[in-house]
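Chemist: Make a model of this:
(one chain, ligands or ions: 1)
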Amino acid sequence: MTTTTVRDVSVFGDAMAYFDEAASLLDLEPAMRAILTHPSRQIIFSIPFQRDNGSLEVYTGYRVQYNFARGPAKGGIRYHPGVTLDEVTALAFWMTWKCAVVDLPFGGGKGGVTCDPGELSQGELERITRRYAAELVEVVGPDKDVPAPDVGTTPQIMAWFMDTYSMHMRTTVPGVVTGKPVEIGGSLGRVEATGRGVSLVAFEELQHLGIAPAAARVVVQGFGNVGSVAAKMFASRGCKMIGISDISGGYVNRNGIDIAGATAYAQEHHSLEGYRGGEHVSNEKLLETECDVLVPAALEKVLTAENAERVHARLIVEGANGPTTPEADHIFQRKGTVVVPDIIGNAGGVIVSYFEWVQDRQGYFWKESEVNERLEELLLTNFRKVREVAHQRQIPYRTAAYMVAIDRVTRSIKTRGVYA
Ligand code: NAD
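Modeler: The predicted structure is shown next:
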C-alpha cells in the first residue's frame, strides 16, 4: 500500500498549490484528487559500488513512477548530494503534468542517486550507473518507464544505462532511455530543444501581444543549455538581446548584445566572467532590467514577493523549473505581466525526448529539420490550447496549463476505469 501522498512532500508546496487551484476549477471529485496525489510506485534501493581505490561504498538510489494512465513513466535521473525520496516524488508529480500538457503518451517519473558527481571519477560514475540500471531492470523499459538526463547526469550516463539494460535483456534496446548520444539512438535537435521551445512559445505570445520580434527587447538569466540556445534563437529572429547572465553575474547592453560573440567568449572561458560586451550587474539587478521578454533559465525561486514589483517585463517565459514563487505569480497577475509557466515553457526538451523514443522504436531516424518542425507543431498546438482555456476562463496561463494537463490525465483514468 502506498502511504505517501504528494501533500506530505514539503519540497513541493508550490506545485501542490497550482494543482489544487486547477483541480478546484475543474471540480475534480475527491476520489480523483486522491488518485492524482498518490504516486503509483516508489522504489528505494542500495547501490554498493567500488571506488577507484578498491574500497566499497553504498549510496541510495530512487525511482518514482508517479502515474501511468497515459503511457510509460517519463522523467530524468538526478545525481546530486541533496536527492531524497521526497524530492524525486515531487519531480515525478511535476513530470506527470509536463508530459500531459503537451499531450505526450507518457506518465510522469523521476529518479536519482544521492551522490556528488563532481567528486566521482568516470569509472565510479559508470559503476554507480550500471548498478542503478540493474536494480531497475524489471520496472523500466520502452513500455514501462523511460528515464532521461537531469541535474548531474549526462548523455554518457544514459549510454551506460542503455547498455546495462540491453545486456540484461540480451538485445539492444535504445528506447529504454532518452537523451542518449546520437551514435546509439539519440535524436538530432535534442540538445537545443528546450531553448528552442522557450523561444517558439515567446514568439507565439509576442505575436498575440502585437509585438514584432524586431521590436522586442529580451533578457535571459542563465547562459547554459537552455539560456544560451534561447538567446541564440531570439537574436536570430531579430530581437534585441539586452541582457544575459550566468553564475558570474549579469551583462546588460541596451544597444544589444552580440550573442554569437558572447557564446564564443563563454565557450573559451567556460563562463561569462570578464565579458566586456555589456555593463556588469548582479543577477538580481538583471531581472529588474526593463524589457519586453524575460526568460529565467538558471535556477528555481528567483522571482519572489521581494522583487516581483521591480520586474518590468511584459512577458515572462519560464525556461527554468519553478523560477516564480506563487506570491510573485500573484503580483504578476495584478500587474498584467503575462507568465508562460515552466510546464509548457520548457517542455521542448521532453517533446524531443518523446521523438527520440518514437525514432528508436521505429528504427528510423529523422532529419533535424523534421524534428524541429514537429517540435514547433506539437508545442504550439498545445500552447494555443492553454491560451484558449486561459481566455475562456479568465485565468492565468499557469492555472490553465495545469487544468489542461489534469483534465487529460483524469480522462485517461476514467476511460480505462480503476481496477479496484
Ligand atoms: P546548465 O547547467 O546548462 O546552465 C545553467 C546556467 O545557469 C549556467 O549558465 C550557470 O552559470 C547559470 N547559473 C547558475 N547559478 C546561477 C545563479 N546563481 N544566478 C544566475 N545564473 C546562474 O542548465 P540548463 O540545462 O540550462 O538548465 C537551466 C534550468 O532549466 C534548470 O532549472 C533546469 O532544471 C531547467 N530545464 C532544463 C532542461 C534541459 O533540457 N536542459 C529542460 C527543462 C528544464
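Chemist: Number of residues surrounding Lys180?
Modeler: By the criterion of other Cβ atoms under 10 Å, Lys180 has 26 neighbours. Heads up, the C-betas are built off the backbone N, CA and C, glycines and all.
Chemist: phi, psi of Asp246?
Modeler: The phi/psi pair for Asp246 (degrees, to the nearest 10) reads phi -150, psi -160.
Chemist: measure Glu306 to the ligand for me?
Modeler: For Glu306, the distance to the ligand equals 15 Å [Cβ to the nearest ligand atom, to the nearest Å].
Chemist: so where does that residue fall, helix or strand?
Modeler: Under DSSP states H and E, no helix or strand contains Glu306.
Chemist: May I have the predicted confidence score for it?
Modeler: The pLDDT attached to Glu306 in the predicted structure is 96.
Chemist: Please shift the residue numbers so they start at 33 in all later answers.
Modeler: I'll keep to 33 as the first residue from here, and by that count the last item is Glu338.
Chemist: mind showing which ranges of the stretch 33-182 of the chain have poor pLDDT?
Modeler: Counting by pLDDT under 70, the stretch 33-182 of the chain shows low-confidence ranges at 33-45.
Chemist: Tell me where it has helices.
Modeler: 45-57, 62-68, 117-133, 154-167 (DSSP state H, counting those that start in this stretch).
Chemist: Deepest-packed of those, please.
Modeler: Per-stretch averages of neighbours, counted by mean count of other Cβ atoms under 10 Å, single out helix 117-133 among the helices of the stretch 33-182 of the chain, with a mean of 26.
Chemist: I'd like to know which elements that helix is packed against.
Modeler: If contacts are counted by 3 or more Cβ pairs under 8 Å, 6 or more residues apart in numbering; DSSP states H and E, helix 117-133 sits against helix 45-57, strand 73-82, strand 88-99, strand 105-112, strand 140-146, helix 374-377, helix 380-394, helix 429-448.
Chemist: which one of the helices of the stretch 33-182 of the chain lies closest to Lys272?
Modeler: helix 117-133 (30.3 Å; Cβ to Cβ).
Chemist: now the angle between helix 380-394 and that closest one, please.
Modeler: Between helix 117-133 and helix 380-394, the angle comes out at 80 degrees (axes from the mean of the first three to the mean of the last three Cα atoms, to 10 degrees).
Chemist: Quick one: name the residues of the stretch 83-232 of the chain near the ligand.
Modeler: Thr226 (Cβ under 6 Å from any ligand atom).
Chemist: In the stretch 83-232 of the chain, what residue comes closest to the ligand?
Modeler: Nearest residue of the stretch 83-232 of the chain to the ligand (Cβ to the nearest ligand atom) works out as Thr226 at 3.6 Å.
Chemist: Would you tell me what helix or strand that residue is located in?
Modeler: helix 225-241.
Chemist: can you give me the offset of that helix from its chain's centre?
Modeler: Taking Cα atoms, centre = their mean, to the nearest Å, one finds helix 225-241 lying 16 Å from the centre of the chain it belongs to.
Chemist: same thing with stretch 350-357?
Modeler: With Cα atoms, centre = their mean, you get 10 Å for stretch 350-357.
Chemist: Rounded mean pLDDT for it, please.
Modeler: 93.
Chemist: Can you list the neighbours in contact with that stretch?
Modeler: 46-47, 126, 226-227, 230, 252, 254, 258-259, 262, 327-337, 348, 364, 371-374, 377-378 (Cβ atoms under 8 Å, 6 or more residues apart in numbering).
Chemist: CA atoms only: put that stretch into PDB for me.
Modeler: C-alpha atoms of stretch 350-357 as PDB (Å, rounded to 0.1, in the frame of the first residue of the first chain):
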ATOM      1  CA  GLU A 350       9.900  30.200 -17.600                       C
ATOM      2  CA  GLY A 351      12.900  28.300 -19.000                       C
ATOM      3  CA  ALA A 352      14.000  27.000 -15.600                       C
ATOM      4  CA  ASN A 353      11.800  24.800 -13.500                       C
ATOM      5  CA  GLY A 354      10.000  26.700 -10.700                       C
ATOM      6  CA  PRO A 355      11.600  30.200 -11.100                       C
ATOM      7  CA  THR A 356       8.500  32.000  -9.900                       C
ATOM      8  CA  THR A 357       7.100  31.700  -6.400                       C
END
